[in-house]
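J.: My questions are about this predicted structure, shown below with the sequence.
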Amino acid sequence: MVKSESIEFKTSGDGHILDITDRVASVVAESDVKSGVVTVFVPGSTGGLTTIEYEPGLLKDVPELMEKLVPSDRSYDHDETWHDGNGFSHLRAAMIGPDITVPFRDGRLMLGTWQQVVFLEFDNKPRNRKLILQIMGE
Amino acid sequence: MVKSESIEFKTSGDGHILDITDRVASVVAESDVKSGVVTVFVPGSTGGLTTIEYEPGLLKDVPELMEKLVPSDRSYDHDETWHDGNGFSHLRAAMIGPDITVPFRDGRLMLGTWQQVVFLEFDNKPRNRKLILQIMGE
Amino acid sequence: MVKSESIEFKTSGDGHILDITDRVASVVAESDVKSGVVTVFVPGSTGGLTTIEYEPGLLKDVPELMEKLVPSDRSYDHDETWHDGNGFSHLRAAMIGPDITVPFRDGRLMLGTWQQVVFLEFDNKPRNRKLILQIMGE
């Protein structure tokens, strides 16, 4: 059984980390699929998906790490192509990846107690985002 | 068809890399599912999953790379929240990701000859780990 | 329903980024599966899969980022084991990961307009690559 769903939200731009766990969990719970996996996917190349413990410290640490690994205050060849100044966004997104697959059973995501599914906005301006939730199972 | 299985093991803490290939392969082979994918997932936010060639050199190189990219000898804002000193563990785990999906056919994982599925322990103390193996297919 | 397919190509070695979107899309479109996910997997430990906007700037930026994060001009313990000088390739591959899962509906990949599925060659010599495409759905 396959269910194609989606969730939408606004972001404030680079560094915005959104806890989407409850929304993903609701969509899965309301589907007719009891056991399986949900693949969350961002149809775009300036955002990423992973899990973190969603607490105030890491909401600062993760953007700082991204800034250290892929600085935003230098120019990239991508910026020469489009002049939109978000080369760093694309590089961070390629590194983190656009997909995450989470197992569920009895309609409930099998996450750890202190583990949340998060969307990482890397783009250099606020964005309207629509993520795909592909639910597979029985 | 969906089968929810799990494997458990102990780790020695940060830098411990475990080759879980044989255990994942056994669980898949013993399921009734012949072809499909297995999603391996760590329900926690201080460990990661990827593949490497499991040989002594890389068992040193991978932790050294993690130490270089996300040093453990500085404090992070996460540590201000919980004072457990494992901010670096959370950041490494967010970067590597908690899931990996491996295809299989005729009950056998379709890995390369020198490619193993590994769990990367990033936490700063020994842990008991239970990984979820969600097997999907026919 | 599960379909095991594959695509093959040659690479020119480290830094070669291949846009495999059209080939993955064709294989999915030609399968009998209308909705589901395709897991693309590299059975090897010196290549990676992610998505980027495939344009000339990023084709330079991504290899430069990899070079900065995991330099190729130093030796790694892996090189002591095999003397093939591609320790950096293994480390980059472990970081990016060997798998990507892309949802599709009505036989079409649900990618963003400026988002392509890419294979990143990290090995230090040209390679013949065969990627696994595991298509799951209904």
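T.: Yep, it's here.

J.: going forward, measure contacts and count neighbours with C-alpha atoms only.
T.: Fine.

J.: Write out the residues of chain A neighbouring chain C.
T.: A:1-2, A:4, A:39, A:41-45, A:69-70, A:76-81, A:87, A:90-91, A:93-101, A:132, A:134, A:136 (CA under 8 Å from any CA of the partner chain).

J.: Buried members of those residues into PyMOL, please.
T.: Buried members of the residues of chain A next to chain C can be picked out in PyMOL with the line below, counting by 16 or more other CA atoms under 10 Å in any protein chain shown:
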select buried, chain A and resi 1+2+4+39+41+42+43+44+45+69+70+76+77+78+79+87+90+91+93+94+95+96+97+98+99+100+101+132+134+136
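
J.: quick one: A:Ser4 and A:Leu133 touch, right?
T.: Yes. Between A:Ser4 and A:Leu133 a contact is recorded at 6.0 Å, counting by CA atoms under 8 Å.

J.: Next, A:Lys125: phi, psi?
T.: Torsion angles at A:Lys125 (phi, psi; degrees, to the nearest 10) stand at phi -150, psi 160.

J.: per-residue confidence at it?
T.: On pLDDT, A:Lys125 comes in at 98.

J.: Which secondary structure state is assigned to the closest residue to it other than its chain neighbours?
T.: Nearest residue to A:Lys125, sequence neighbours excluded (CA to CA, 6 or more residues apart in numbering or on different chains): A:Gly13, at 4.5 Å. Following DSSP: H, G, I helix; E, B strand; the rest coil, A:Gly13 is assigned to coil.

J.: which ones are touching A:Gly13?
T.: Going by CA atoms under 8 Å, 6 or more residues apart in numbering or on different chains, A:Gly13 touches A:Glu121, A:Phe122, A:Asp123, A:Asn124, A:Lys125, A:Pro126, A:Arg127.

J.: if you set the cut-off to 10 Å instead, what comes out?
T.: Applying CA atoms under 10 Å, 6 or more residues apart in numbering or on different chains, one finds that A:Gly13 lies in contact with A:Gly47, A:Leu120, A:Glu121, A:Phe122, A:Asp123, A:Asn124, A:Lys125, A:Pro126, A:Arg127, A:Asn128.

J.: Tell me the one among the residues you listed nearest to chain B.
T.: Closest to chain B out of these is A:Leu120 (10.6 Å), distances taken as CA to the nearest CA.

J.: Check which helix or strand the closest one maps to.
T.: strand A:116-121 (DSSP states H and E).

J.: A:Val62 against A:Asp14, yeah?
T.: No. Using CA atoms under 10 Å, A:Val62 makes no contact with A:Asp14, being 11.3 Å away.

J.: Tell me which of those two has more neighbours.
T.: Taking other CA atoms under 10 Å in any protein chain shown, A:Val62 and A:Asp14 do not tie; A:Val62 has more neighbours (25 against 21).

J.: can you give me the strands in chain A?
T.: A:2-11, A:17-19, A:36-41, A:47-52, A:99-105, A:108-109, A:116-121, A:127-137 (DSSP state E).

J.: Same list, these, but as TSV with distance to B:Val28 please.
T.: Shown next, in TSV, are the strands of chain A (distance: least, CA to CA, whole Å):
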stretch	distance to B:Val28
strand A:2-11	22
strand A:17-19	32
strand A:36-41	15
strand A:47-52	25
strand A:99-105	16
strand A:108-109	21
strand A:116-121	26
strand A:127-137	17
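
J.: Adding distance to chain B as columns, could you present the ones you listed in a markdown table?
T.: Formatted as a markdown table, the strands of chain A follow (distance: least, CA to the nearest CA, whole Å):
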| stretch | distance to chain B |
| --- | --- |
| strand A:2-11 | 12 |
| strand A:17-19 | 12 |
| strand A:36-41 | 6 |
| strand A:47-52 | 6 |
| strand A:99-105 | 6 |
| strand A:108-109 | 10 |
| strand A:116-121 | 8 |
| strand A:127-137 | 6 |
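
J.: pLDDT averaged over stretch A:94-113, what's the number?
T.: The model assigns stretch A:94-113 a mean pLDDT of 98.

J.: and it, how far apart are its ends?
T.: Start-to-end span of stretch A:94-113 (CA to CA, to the nearest Å) is 28 Å.

J.: which residues are common contacts for A:Val62 and A:Asp14?
T.: Here A:Val62 and A:Asp14 have A:Leu120 as joint contacts, going by CA under 10 Å, 6+ apart.

J.: residues touching the residue lying closest to A:Ser89 once chain neighbours are set aside, list them.
T.: Leaving aside its sequence neighbours, A:Ser89 sits nearest to A:Phe122 (CA to CA, 6+ apart; 4.7 Å). A:Phe122 sits next to A:11-17, A:45-48, A:63, A:66, A:86-93 when contact means CA under 10 Å, 6+ apart.

J.: relative to its centroid, which residue of chain A is most remote?
T.: A:Glu80 (26.7 Å; CA atoms, centre = their mean).

J.: Tell me the spacing between it and A:Asn124.
T.: As judged by CA to CA, A:Glu80 and A:Asn124 stand 16 Å apart.

J.: Give the burial count for the nearest residue to A:Val33 once chain neighbours are set aside, as a bare number.
T.: Spatially, and ignoring its direct neighbours in sequence, A:Val33 is nearest to A:Glu138 (5.2 Å; CA to CA, 6+ apart). For A:Glu138, the count of nearby residues is 15 (other CA under 10 Å).

J.: ok, back up a step: which residues do A:Ser4 and A:Leu133 both contact?
T.: Joint contacts of A:Ser4 and A:Leu133 (CA under 10 Å, 6+ apart) are A:Val38, A:Thr39, C:Pro103.

J.: beta partners for the closest residue to the last one other than its chain neighbours?
T.: Translated: C:Pro103. In space, C:Pro103 comes closest to C:Val37 once its chain neighbours are excluded; the distance is 4.2 Å by CA to CA, 6+ apart. Beta-bridge partners for C:Val37, by DSSP bridges, are C:Pro103, C:Met136.
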